[in-house]
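Novice: Got a predicted structure plus its sequence, pasted below:
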Amino acid sequence: MNDLKDLTNKIKKFRDARDWHQYHKPKELAISVCIEAAELLEKFQWERKNTPEYIASHKQEIGEELADVMIYLLLLADELGLDVKDIVEKKLEKNEKKYPVDKVRGSDKKYTDYK
């Protein structure tokens, strides 16, 4: 079976055992993604927090925030009936056309700057 689907089912089992599905509507899940992403961003907020030493010593905390983001993303995709693998693959295909290697390799320009 698909690892993402297995993981999503495990998350849903945790959620459902606590009767939290009633609070997990798309809007609330999207809000939660943003809140948890902000908490992840906070781990890198100041320059001193961008050193390899800082990151290495805070990897567990960073991982926990990243997990929170992923949990809400997987629940949101499930609630909307979206297959994560499928939508990511389609987005990558779209980006392949939008950002051709020969034009963007090593560049941080937006696609509108080289079109």
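Specialist: Ah, there it is. As the structure is a prediction and not an experimental result, all values here were calculated from the model.

Novice: what pLDDT does the residue most central in space within the chain get?
Specialist: Centroid-nearest residue in the chain, with C-alpha atoms, centre = their mean: Met70, separated by 5.1 Å. Met70 carries a pLDDT value of 98.

Novice: In which helix or strand does it reside?
Specialist: helix 59-79 (DSSP states H and E).

Novice: can you list the residues that contact that helix?
Specialist: 4, 7-8, 11-12, 15, 24-26, 29-30, 32-33, 36-37, 39-40, 43, 55, 83-84, 87 (C-beta atoms under 8 Å, 6 or more residues apart in numbering). Using the backbone N, CA and C atoms, a C-beta is placed for each residue, glycine as well.

Novice: again, but for stretch 42-51
Specialist: Tyr54, Ile55, His58, Glu61, Ile62, Glu65.

Novice: Can you give the domain ranges for this protein?
Specialist: The chain is divided into the following domains under automatic domain parsing: 3-82, 83-115.

Novice: which of those domains has the lowest average pLDDT?
Specialist: domain 83-115 (a mean of 90).

Novice: So which bits of that one are buried?
Specialist: Val84, Val104 (16 or more other C-beta atoms under 10 Å).

Novice: Check stretch 30-47 too.
Specialist: Buried, per 16+ other C-beta under 10 Å, within stretch 30-47: Ser32, Val33, Glu36, Ala37, Leu40, Lys43.

Novice: Arrange those in TSV, one row each, with secondary structure and distance to Asp78 as further columns.
Specialist: Below are the buried residues of stretch 30-47 laid out as TSV (DSSP: H, G, I helix; E, B strand; the rest coil; distance: C-beta to C-beta, whole Å):
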residue	secondary structure	distance to Asp78
Ser32	helix	14
Val33	helix	13
Glu36	helix	17
Ala37	helix	18
Leu40	helix	21
Lys43	coil	26
